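**Student:** This is the structure alone, sequence omitted:
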């Protein structure tokens, strides 16, 4: 039987709970029949209709989704028939469709286009999501059924995909603590709830810290080296922050901010680097250090409870490396070569600084600015001349899409008739080489203060041969 969905909903719940924050509450909100999540969307590929979705739709849909998921899973656990692949694992794959729908959209918006209402909802629903995950993975009756199928797996004549599903579920239950005694399960539930709260707190703190850490200067001369367009953007950002006449450089995700490559004013470079480096270490409400420390303690306790020496050992069980030693061995081989290369580059940069009679030792905030000059001198590469070839639309269509067509025969057509969650988000329909419609692909590539840093992809709708759904993917 071919049935693997891209991510079973119980795993989605666990992942979602692990990045939420909250306080437990027993209140529930009834879901209206006209809630946009109550039934599968009628848009192509069942994608979310953002023209109809309101912040207030999420809470009732999530809570009803959790209730339905738990009811469905408990029926599987209480089934008096002998456990089979069909009545246990296939049934689990079919469960939780409402929660799957709302979680896909909620996860996207809270990471890429959040707002105070959604952040508050994260805090409120997190312990409930964590408890839902625990109610599934720590359900003794359910695990006994999964374990029975796992023990019989070699005699069930399953195809490779179905056999993998059996192994996946068994390992997922095992790593979640299904084999623990009741007392240890209770302890684990408390740790899971606290970790869920702290993980979301960390995300919210980091987002707020990046927004608050923007560098503001009053004199245009402090932005020497930036293009007229970049200076205009800084002026516009300051104006939007009600600081007319000044200039604001917003922080991106990384420590090495893009403007560090161009800023010729060393004091501004240092100011920007320090603001980025220390954004979440200012002893204010956005300081993440205590949060991170407590999360580490919780994870260490969880690992010990489940029977592993460290959290790394626990989480690597379903990864390629398998063991912390394998990771350490790999890094031990990588680090000497990487540091030697960095030292050589630092020497080249320092030589250039000295040649220019700079009179200072290379600092982290100098690296990007001078390494660009070194590249130009050594290799005759001028990134300012290359940049026009890397305009977003050109990279997307003439680079990524072109390569995908050449390699796989797939093609892309922009869909401007499908509502998006933000004005500059674009949607493309993907077609197979025979013209068959395959998927939707959302592109979200511009910085916003309500958008997490980094780069990632996920699905709003997962591909499932069992449920007959095709993927709706977003790349942020």
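**Tutor:** Done, it's in. Everything numeric in this text was worked out from a predicted model, so none of it was measured. Residues are numbered from 1 along each chain as shown.

**Student:** tell me the secondary structure for the residue located most distally from the centre of the chain?
**Tutor:** Distance from the C-alpha centroid of the chain peaks at residue 357, with 44.9 Å (C-alpha atoms, centre = their mean). Three-state call for residue 357 (DSSP: H, G, I helix; E, B strand; the rest coil): coil.

**Student:** Phi first, then psi, for it.
**Tutor:** Phi and psi for residue 357, reported as degrees, to the nearest 10, are phi 60, psi 40.

**Student:** is it fair to say residue 460 lies in a strand?
**Tutor:** Yes - Residue 460: assigned to a strand according to three-state DSSP.

**Student:** ok, how many other residues are close to it?
**Tutor:** 24 (other C-beta atoms under 10 Å). Any C-beta I mention is one placed from the backbone N, CA and C, and that applies to glycine too.

**Student:** how about the helices of the stretch 101-250 of the chain, start to end?
**Tutor:** Here the stretch 101-250 of the chain has its helices, by DSSP state H, counting those that start in this stretch, at 116-137, 140-151, 160-176, 182-212, 228-240.

**Student:** Show me what the longest one is packed up against.
**Tutor:** Yep, that's helix 182-212 we're talking about. Other helices and strands packing on helix 182-212, by 3 or more C-beta pairs under 8 Å, 6 or more residues apart in numbering; DSSP states H and E, are helix 116-137, helix 289-306.

**Student:** in that helix, what's buried?
**Tutor:** Under the neighbour-count criterion of 16 or more other C-beta atoms under 10 Å, helix 182-212 has 185, 187-189, 191-212 buried.

**Student:** and if you look at the last one?
**Tutor:** Judged by neighbour count using 16+ other C-beta under 10 Å, the buried positions of helix 228-240 are 230-231, 233-235, 237-238.

**Student:** can you check the shortest one too?
**Tutor:** Of the residues in helix 140-151, those with enough neighbours to count as buried (16+ other C-beta under 10 Å) are 142-143, 145-147, 149-150.

**Student:** any idea of the angle that helix forms with helix 182-212?
**Tutor:** If you take axes from the mean of the first three to the mean of the last three C-alpha atoms, to 10 degrees, helix 140-151 sits at 90 degrees to helix 182-212.

**Student:** Centre of the chain to helix 140-151, how far?
**Tutor:** Its chain's C-alpha centre and that of helix 140-151 lie 31 Å apart, by C-alpha atoms, centre = their mean, to the nearest Å.

**Student:** How about stretch 183-203?
**Tutor:** In terms of C-alpha atoms, centre = their mean, the centre of stretch 183-203 is found 19 Å from the chain centre.

**Student:** Rounded mean pLDDT for that stretch, please.
**Tutor:** Mean pLDDT, computed over stretch 183-203, is 94.

**Student:** What of stretch 323-330?
**Tutor:** 97.

**Student:** tell me which residues of it are tucked away?
**Tutor:** Applying 16+ other C-beta under 10 Å to stretch 323-330 flags residue 324 as buried.

**Student:** so how far is it from its chain's centroid?
**Tutor:** 24 Å.

**Student:** cool, and stretch 33-48?
**Tutor:** Distance, centroid of stretch 33-48 to centroid of chain: 23 Å (C-alpha atoms, centre = their mean).

**Student:** can you pull the buried residues of that stretch?
**Tutor:** In stretch 33-48, counting by 16+ other C-beta under 10 Å, buried: 35-38, 41, 43, 45-48.

**Student:** do the same with stretch 428-439
**Tutor:** 428-431, 438-439.

**Student:** swap in stretch 77-95?
**Tutor:** So, applying 16+ other C-beta under 10 Å, buried residues of stretch 77-95: 77, 79, 83-85, 88-95.

**Student:** Need the distance between the two termini of stretch 237-256.
**Tutor:** End-to-end distance of stretch 237-256: 20 Å, with C-alpha to C-alpha, to the nearest Å as the criterion.

**Student:** which other residues reach it?
**Tutor:** 210-211, 213-218, 220, 222-223, 231, 234-235, 257-259, 272-273, 275-277, 279, 364, 367-368, 447, 449, 452-454 (C-beta atoms under 8 Å, 6 or more residues apart in numbering).

**Student:** I'd like to know which of the residues you listed are buried.
**Tutor:** Counted by 16+ other C-beta under 10 Å, those give 210-211, 213-215, 217, 222-223, 231, 234-235, 257, 259, 272-273, 275-276, 279, 367-368, 449, 452 as buried.

**Student:** May I have the residues that are in contact with residue 312?
**Tutor:** With C-beta under 8 Å, 6+ apart, residue 312 has these contacts: 324, 327.

**Student:** could you measure it against residue 164, distance?
**Tutor:** In this view, residue 312 and residue 164 are 24 Å apart by C-beta to C-beta, to the nearest Å.

**Student:** ok, now residue 37?
**Tutor:** Counting by C-beta to C-beta - residue 37 and residue 164 are separated by 30 Å.

**Student:** With residue 224 instead?
**Tutor:** Counting by C-beta to C-beta, the gap from residue 224 to residue 164 is 58 Å.

**Student:** where in the stretch 151-300 of the chain is pLDDT low?
**Tutor:** Residues of the stretch 151-300 of the chain meeting the criterion pLDDT under 70: none.

**Student:** Including distance to residue 69, secondary structure and pLDDT, could the buried residues of stretch 428-439 go into a markdown table?
**Tutor:** Formatted as a markdown table, these follow (distance: C-beta to C-beta, whole Å; DSSP: H, G, I helix; E, B strand; the rest coil; pLDDT from 0 to 100):
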| residue | distance to residue 69 | secondary structure | pLDDT |
| --- | --- | --- | --- |
| 428 | 32 | strand | 98 |
| 429 | 31 | strand | 98 |
| 430 | 30 | strand | 98 |
| 431 | 34 | strand | 98 |
| 438 | 28 | strand | 97 |
| 439 | 26 | strand | 98 |
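
**Student:** Which pair in those has the greatest spatial separation?
**Tutor:** Using C-beta to C-beta, the buried residues of stretch 428-439 reach their maximum pairwise distance at 428 and 438, which is 10.9 Å.

**Student:** which residue packs closest to the most centrally placed residue in the chain, ignoring adjacent ones?
**Tutor:** Here the mean C-alpha position of the chain is nearest to the C-alpha of residue 456 (C-alpha atoms, centre = their mean), at a distance of 5.7 Å. With sequence-adjacent residues excluded and distances taken as C-beta to C-beta, 6 or more residues apart in numbering, residue 456 is closest to residue 476, at 5.6 Å.
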